[in-house]
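> I'd like to go over a predicted model; first the sequence, then the structure.
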Amino acid sequence: MPAGGLLAEAAPAKVNLYLHVTGRRADGYHLLDSLAVFGPAADALSLAPAEGLTLALDGPFGGALARDRPGGEHGAHDVPAGEGPDRDPADALQTDRGLEAEPDNLVLRAARALAEAAGVPPRAALRLTKRLPVASGIGGGSADAAAALRGLDRLWGLNLGEARLAAVAAPLGADIPVCVASRPARMGGVGELLSPAPRLPRCGLLLANPGLALPTPAVFRARSGGFTPPARLPESWPDAAAMARDLGAATRNDLEPAAIALCPAVAEVLAAIRALPGCLLARMSGSGATCFGLFADAAAAGAAAALLPGGWWRAAGGLYERGG
Ligand code: C5P
């Protein structure tokens, strides 16, 4: 453990390059086939030894998950993710205010579940710097919970390994197992069954969100139409253009029409990304409203990001691969 006992874990955004709804379980959950990749923005979690279990939030989107501090002057429920597109998310919350998380925050639930599974007391002081918009289709909450599981596994000296952490994670949310791995993977089942992704070429990703939150259950509920078979993917793609061509021709995000019906700004974001120079594919991620553009490399994605309308949250860069 580093000096001072402080550990850090990145919680990178999860991007669904495609998402097919292949069926529906008796309990209402949807069966999926999806190719998940990570990057180019992340929340940051720090962990330190403590007597009890606490979670402080800061960063541009920390307030969206926080509750009022006892006696504090700032209601946290007034903060972003769901407000007008002309608001700069970076203005929404001062960093360092250290808002306190709701007790049912997914990070705290993950910490308690891990402690229980491992038979240890749940003791840690956690601090989450929230840079990813919430309820936005890039798995922010799932990435945070996964980072907590990885970090607490280290802090508590458990050495459970990825598979057992994923087993603890799965009942908490279908997206958390893939976020525990934080490397490209094919998602099956309701999202929790992972298999290897094709070997991916170098490419760049641009993410953009109009500043609107879109709750996942509402998008699944609004979906109409039948089911889409799983995609047939090659073992690898020679370059980003070939990958974009294949994905554009043979795959889709089945949740896109429902998300656009609930939040027409998604169509605007998609059109804006598609019109950017060098954009090879524009599509919504997860249940939205965040959309992504695929580019030849991180530099092309970064140059394009600067051309998007002001007021939209955006991030650009290369793919993230944990341990890579
Ligand atoms: O698993 P998670 O908590 O992320 O899912 C949030 C909601 O999204 C579920 O309660 C369900 O309504 C919907 N969902 C679904 N099928 C999935 C994943 C999520 O219907 N595979």
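Alright, I've got the coordinates.
> what residues does this structure put near the ligand?
Tyr29, His30, Leu32, Gly173, Ala174, Asp175, Val190, Gly191, Thr216, Pro217, Phe220 (Cβ under 6 Å from any ligand atom). Where you see a C-beta, it was placed from the backbone N, CA and C, and this is true even at glycine.
> got the CA coordinates for the host helix or strand of the third one in CSV?
Right, Leu32. Of the helices and strands defined by DSSP states H and E, Leu32 is found in strand 30-48. The C-alpha trace of strand 30-48 is given here as CSV (Å, rounded to 0.1, in the frame of the first residue of the first chain):
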residue,chain,number,x,y,z
HIS,A,30,-33.7,-7.8,-20.9
LEU,A,31,-31.2,-10.2,-22.5
LEU,A,32,-28.4,-8.3,-24.3
ASP,A,33,-25.6,-8.8,-26.7
SER,A,34,-23.2,-5.8,-26.5
LEU,A,35,-19.5,-4.9,-27.1
ALA,A,36,-18.3,-2.8,-24.3
VAL,A,37,-15.2,-0.7,-24.3
PHE,A,38,-13.8,1.8,-21.8
GLY,A,39,-12.6,5.4,-21.9
PRO,A,40,-11.9,8.2,-22.5
ALA,A,41,-13.2,9.8,-19.2
ALA,A,42,-13.3,8.4,-15.7
ASP,A,43,-14.4,9.0,-12.2
ALA,A,44,-11.7,8.7,-9.5
LEU,A,45,-12.1,6.8,-6.3
SER,A,46,-9.7,7.1,-3.4
LEU,A,47,-9.7,4.8,-0.4
ALA,A,48,-8.1,5.0,3.0
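> Direction included, what does the very next helix or strand once past that strand pair up with?
Per DSSP H and E, the first helix or strand lying C-terminal to strand 30-48 is strand 53-58. Strand 53-58 has the following sheet partners, assigned by DSSP bridges: strand 99-101 (antiparallel), strand 124-129 (parallel).
> need the next SSE after the lengthiest helix in the chain, C-terminal direction.
In the chain, with assignment by DSSP state H, the single longest helix is helix 140-155. The first helix or strand that comes after helix 140-155 along the chain, using DSSP H and E, is helix 161-169.
> Only the buried residues of that next one, if you could.
Glu162, Arg164, Leu165, Ala166, Val168, Ala169 (16 or more other Cβ atoms under 10 Å).
> which strands and helices sit next to the helix or strand following it?
Counting by DSSP H and E, the element after helix 161-169 in chain order, helix or strand, is helix 176-181. Packing contacts for helix 176-181, counted by 3 or more Cβ pairs under 8 Å, 6 or more residues apart in numbering; DSSP states H and E, involve strand 7-24, helix 140-155, helix 161-169, strand 193-196.
> how about the CA coordinates for the longest one, as CSV?
This file holds the C-alpha atoms of strand 7-24, laid out as CSV (Å, rounded to 0.1, in the frame of the first residue of the first chain):
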residue,chain,number,x,y,z
LEU,A,7,-5.3,3.9,-2.6
ALA,A,8,-6.7,5.2,-5.9
GLU,A,9,-8.8,3.4,-8.5
ALA,A,10,-10.0,4.9,-11.8
ALA,A,11,-13.6,4.3,-12.8
PRO,A,12,-13.6,4.7,-16.5
ALA,A,13,-16.7,5.3,-18.6
LYS,A,14,-18.2,2.2,-20.2
VAL,A,15,-19.2,2.6,-23.9
ASN,A,16,-21.4,0.2,-25.7
LEU,A,17,-20.2,0.1,-29.3
TYR,A,18,-23.5,-1.7,-30.1
LEU,A,19,-26.3,-3.1,-28.0
HIS,A,20,-28.8,-5.7,-29.2
VAL,A,21,-31.8,-6.6,-27.1
THR,A,22,-32.0,-10.3,-27.8
GLY,A,23,-34.8,-11.3,-25.5
ARG,A,24,-36.5,-10.8,-22.2
